[in-house]
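Engineer: fold the following for me, if possible:
(one chain, ligands or ions: 1)
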Amino acid sequence: MRRRPALAAVAVIGALTLAGCGGSDSGADSASPGAELSVDAAYIPQPVSDSMAAGFLTITNEGDSADELTSVTSEAGEVTVHETVDGTMKEVDRIEVPAHGQLVFKSGGNHLMFEKLKQQPKQGQSVAVELHFAHSDPVAVKLPVKAATYQPTAGHSEDSGH
Ligand SMILES: [Cu+2]
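Structural biologist: Numbering: from 1, shown residues only. Below is the predicted model of the structure:
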């Protein structure tokens, strides 16, 4: 999975040139494998620190190929990707988004680590980040700042109705 730089380049070029096109020519590539990424459940609990914060989101891949989150950038400050192992967090270079699966960032697990923030994120604001992947185009995401105690409802939403 890591030994395919040539294939990755082809996939990126293909995605660009085929944008908005049915891709019906060149039957050789008709399976058009690739990751299809979407992001939801993004939020930042309002941090107590004025320079550090953790961010959470879920990346869903409906495609036939795995992808990897390779970096996260933000104008708000520095962002690194951390995972939590045995209660200790450590920075990771890249993290897989499995084919037909999800990469979940949640409290106590994987998280985006914001450092050297220019200003403290406050509830009601949002922080824009850009997710960069090994194969897919970058994805821009806004993480709304929630209450410090905010917990997303797992699995399904109960927000509808009362
Ligand atoms: Cu961390």
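Engineer: how many neighbours does P138 have?
Structural biologist: Neighbour count of P138, defined by other CB atoms under 10 Å: 13. The C-beta positions use only the backbone N, C-alpha and C, and glycine is treated the same way.
Engineer: err, F105, not the other one
Structural biologist: 23.
Engineer: not counting its neighbours along the chain, what's nearest it?
Structural biologist: Using CB to CB, 6 or more residues apart in numbering and skipping the chain neighbours, the partner closest in space to F105 is F56 (4.5 Å).
Engineer: does the helix or strand hosting that neighbour come close to the ion?
Structural biologist: Taking DSSP states H and E as the definition, F56 sits inside strand 53-61. No - Strand 53-61 lies out of reach of the ion by CB under 5 Å from the ion, never closer than 6.2 Å.
Engineer: so what pLDDT did the residue nearest to F105 get?
Structural biologist: Looking at F56, its pLDDT stands at 97.
Engineer: K106 is in contact with that one, correct?
Structural biologist: Yes - using CB atoms under 8 Å, F56 is in contact with K106, at 5.5 Å.
Engineer: for stretch 110-128, what is the average pLDDT?
Structural biologist: Averaging pLDDT along stretch 110-128 yields 97.
Engineer: so where's the chain uncertain?
Structural biologist: Counting by pLDDT under 70, the chain contains low-confidence residues at 1-33, 154-162.
Engineer: where along this protein do the helices fall?
Structural biologist: 5-17 (DSSP state H).
Engineer: can you tell me which residues in it are near the ion?
Structural biologist: So the chain meets the ion at H82, M89, M113 (CB under 5 Å from the ion).
Engineer: same drill for F56 and K106, tell me which one is more crowded.
Structural biologist: F56 (21 against 15).
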